[in-house]
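Chemist: this is a predicted model, with the sequence first.
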Amino acid sequence: MLPVFGPVPTTATDPIAAVPELGHSDSMQRLTKDEIKQLPLVEIDKVTFYKRDQVTTDLICCDVAIADKVWSFHEELPGWKLLIDHLHSLPNFRVDWFVSVSRPPFSTSETIAFCR
């Protein structure tokens, strides 16, 4: 299983700095409802979806920006659906993000689904 890539404080000089709310993400094995609650909708500034080329397949990823931190998740992480359901509750969230990101294959197809 691939690790979650983040959070990384965008203004920090040490990109390995841990974020206390969800702990150090390299050890995160799954997203739970309790962890999702620590991504309050009112604090989310931006949600960006994109693909990573995995040679024979694409991996859909999601960056969630809150203040000066960016949390990165991927579709193989157990709990991905909980995250997506949570993000769909954002006002004016782009519900067609999947169609936009999934085509064409092996292209990054970065898509901003929400921005304050």
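Modeler: Right, received. Where do you want to start?
Chemist: K81 should be in a strand, yeah?
Modeler: No - assigned with DSSP: H, G, I helix; E, B strand; the rest coil, K81 falls outside any strand and is helix.
Chemist: report how many residues lie close to it.
Modeler: 10 (other Cβ atoms under 10 Å). In short, each C-beta sits where N, CA and C put it, glycine included.
Chemist: distance of it from V55?
Modeler: Using Cβ to Cβ, to the nearest Å, we find K81 at a distance of 25 Å from V55.
Chemist: repeat for V42
Modeler: V42 is 39 Å from V55, by Cβ to Cβ.
Chemist: need the pLDDT of L82.
Modeler: For L82, the model assigns a pLDDT of 95.
Chemist: no, scratch that, I was asking about A67
Modeler: Reported pLDDT for A67: 93.
Chemist: and for the one 4 residues further on?
Modeler: For W71, the pLDDT comes out at 92.
Chemist: and it, how many neighbours?
Modeler: W71: 22 surrounding residues under other Cβ under 10 Å.
Chemist: tell me which strands the helix or strand containing it pairs with, and in which orientation.
Modeler: Assigned by DSSP states H and E, W71 belongs to strand 69-74. Sheet pairing of strand 69-74 (DSSP bridges) gives strand 8-9 (antiparallel), strand 58-66 (antiparallel).
Chemist: single out the most deeply packed of the ones you listed.
Modeler: strand 58-66 (a mean of 20; mean count of other Cβ atoms under 10 Å).
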